[in-house]
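Colleague: dropping the sequence and predicted coords here.
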Amino acid sequence: MTIHIDGRIGEGGGQVLRTSLSLSAITGKAFVIEHIRGKRKKPGLKRQHLVSVEAAASICGADCKGDSLNSQRLVFNPSKIRAGNYSFDIGSAGSCCLVLQTVLPILFYADSSSTVTIQGGTHNPMAPTADFLAKSFLPAIYRFGFNASLNLMSYGFYPAGGGKIKAEIRPAGDLPKKVELIERGPLLKKRARILLSKLPQHIAEREKKILLKQGWFETDEVEIVNITNSPGPGNAVIIILEYENVTCVFQSIGEKGKRAEKVSAEAYNAAAYHHKSMVPVENFLTDQLLIYLALVSNGTFLTSKVSLHSHTNMKIIEKFLPVKFVVKEIASGQKLNCTGKIFRSVHS
């Protein structure tokens, strides 16, 4: 059975493609996608998306048609998932983390452990950062029965890129019968990391001043990290809130023409908003957890608001897996529930 997907569905971006690649490889179901990234100003496969296709195909031995730059149609017919030591180079500042997002679920269904090394951007404006993956996402999916670790080998900022991450992935064993993330527990620790590469030091000092001005952080909770192993200039403010049951990471990436004060304020406002909401899962983590929630096929978590991006992702997941997502309004935000038949990998 071949699944047909319109890339203009919902949010209409690259996540439609990435989720389709992951679940096609895991389920063994071929798919055809038309109008790839159809709601973007420049639709079709860009370098980062093409590397995701090539990476997924190499891991599951897929036969592809349309796997070329700017292509708006792709046919993907997977075969057997193979464990291994993989390496992929985006060749630009495209996001390493989004490529990893594509291949990580696949390698959880290999028959032995694997490593994946990816070169490109590690801290991009419109993508999860390596900090987010290592501190928030990977510990969260560990609760779901999926075990991987991440090493940030070098930083890569837009537009120079040149960063590198390496992930170690262990095959998923018996998954829990049900997962719940309803209570986040008390805040155990908070900290902020200001990353600075090949830019004037006053930028980081101004960002630190803004954070301290809010009165939430103590001086020793805000760290300026001068990056020495990145090929180009870059800046980011990363805020990490470690609760008893979940760790949440909030980020703002510096860009040319964007004042340091705005960079710092964006990260702080996102973190403060989430902390006041009392829900355990913030919006970006919500989107990242959906595939894993569906693979367990029985779970619930609370979040402040399910985005269009997440609603789109749920629709794609439901095309590949026998699950159903339901979102309900609650006093503190929204309750996301996933139920369905237990997924049995075609590779087991």
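Modeller: Nice, thanks for sending it over.

Colleague: what's near enough to touch Ile240?
Modeller: Taking C-beta atoms under 8 Å, 6 or more residues apart in numbering, we find Ile240 in contact with 131, 135-136, 189-193, 247-249. All C-beta atoms are positioned from the backbone trio N, CA, C, and that covers glycine.

Colleague: doesn't it belong to a strand?
Modeller: Yes. Under DSSP: H, G, I helix; E, B strand; the rest coil, Ile240 falls within a strand.

Colleague: any idea how far it is from Asn147?
Modeller: Ile240 sits 21 Å away from Asn147, taking C-beta to C-beta, to the nearest Å as the criterion.

Colleague: kindly report the same for Met153.
Modeller: 20 Å.

Colleague: so who does Leu74 touch?
Modeller: 17, 32-33, 36, 45, 53, 64-67.

Colleague: apologies, that question was intended for Pro43.
Modeller: For Pro43, the contact set (C-beta under 8 Å, 6+ apart) comprises 7, 35-37, 72.

Colleague: now that we have the residues you listed, which one has the most neighbours?
Modeller: Neighbour counts for the contacts of Pro43 (other C-beta atoms under 10 Å) peak at Ile36, which has 28 neighbours.

Colleague: now do the phi/psi pair for it.
Modeller: phi -60, psi 130 (degrees, to the nearest 10).

Colleague: make 350 the starting number, not 1.
Modeller: With 350 as the first residue, the last one maps to Ile385.

Colleague: the closest residue in space to it that isn't next to it in sequence: what's it in contact with?
Modeller: Computed as C-beta to C-beta, 6 or more residues apart in numbering, the closest residue to Ile385 that is not its neighbour in sequence is Gly356, at 4.5 Å. Taking C-beta under 8 Å, 6+ apart, we find Gly356 in contact with 365-366, 382-387, 392, 421.

Colleague: redo that, cut-off 10 Å
Modeller: When contacts are counted by C-beta atoms under 10 Å, 6 or more residues apart in numbering, Gly356 is found next to 362-363, 365-366, 369, 382-389, 392-393, 421-423.

Colleague: how does the protein divide into domains?
Modeller: 350-431, 433-522, 527-532+627-697, 536-624 (automatic domain parsing).

Colleague: residues contacting the nearest residue to Pro629 once chain neighbours are set aside?
Modeller: In this structure, Pro629 finds its nearest non-sequential neighbour in Arg533, 3.5 Å apart by C-beta to C-beta, 6+ apart. Shown in contact with Arg533 (C-beta under 10 Å, 6+ apart): 590, 592-597, 623-624, 626-631, 650-651.

Colleague: Val676 too?
Modeller: Val676 sits next to 652, 654-655, 659-660, 663, 683-686 when contact means C-beta under 10 Å, 6+ apart.

Colleague: so where does it fall, helix or strand?
Modeller: Val676 belongs to strand 672-679 when assigned by DSSP states H and E.

Colleague: ok so, going back, closest one to Ile514 out of the contacts of Leu423, please.
Modeller: Val402 (19.0 Å; C-beta to C-beta).

Colleague: for that closest one, give its distance to Ala483.
Modeller: Using C-beta to C-beta, one obtains 25 Å as the distance from Val402 to Ala483.

Colleague: repeat that for Arg492.
Modeller: 16 Å.

Colleague: what about the closest residue in space to Val400 that isn't next to it in sequence, neighbour count?
Modeller: Nearest non-adjacent residue to Val400, counting by C-beta to C-beta, 6+ apart: Ile439, 5.0 Å away. Neighbourhood size, Ile439 [other C-beta under 10 Å]: 25.

Colleague: what do you get for Glu554?
Modeller: Neighbour count for Glu554, taken as other C-beta under 10 Å: 13.

Colleague: please apply the same query to the one 5 residues further on.
Modeller: By the measure other C-beta under 10 Å, the count of residues near Ile559 is 18.

Colleague: chain center to stretch 532-547, what's the gap?
Modeller: On the basis of C-alpha atoms, centre = their mean, to the nearest Å, stretch 532-547 sits 18 Å off its chain's mean C-alpha point.

Colleague: can you check stretch 445-452 too?
Modeller: Per C-alpha atoms, centre = their mean, the displacement of stretch 445-452 from the mean C-alpha position of its chain is 7 Å.

Colleague: sounds good, over and out.
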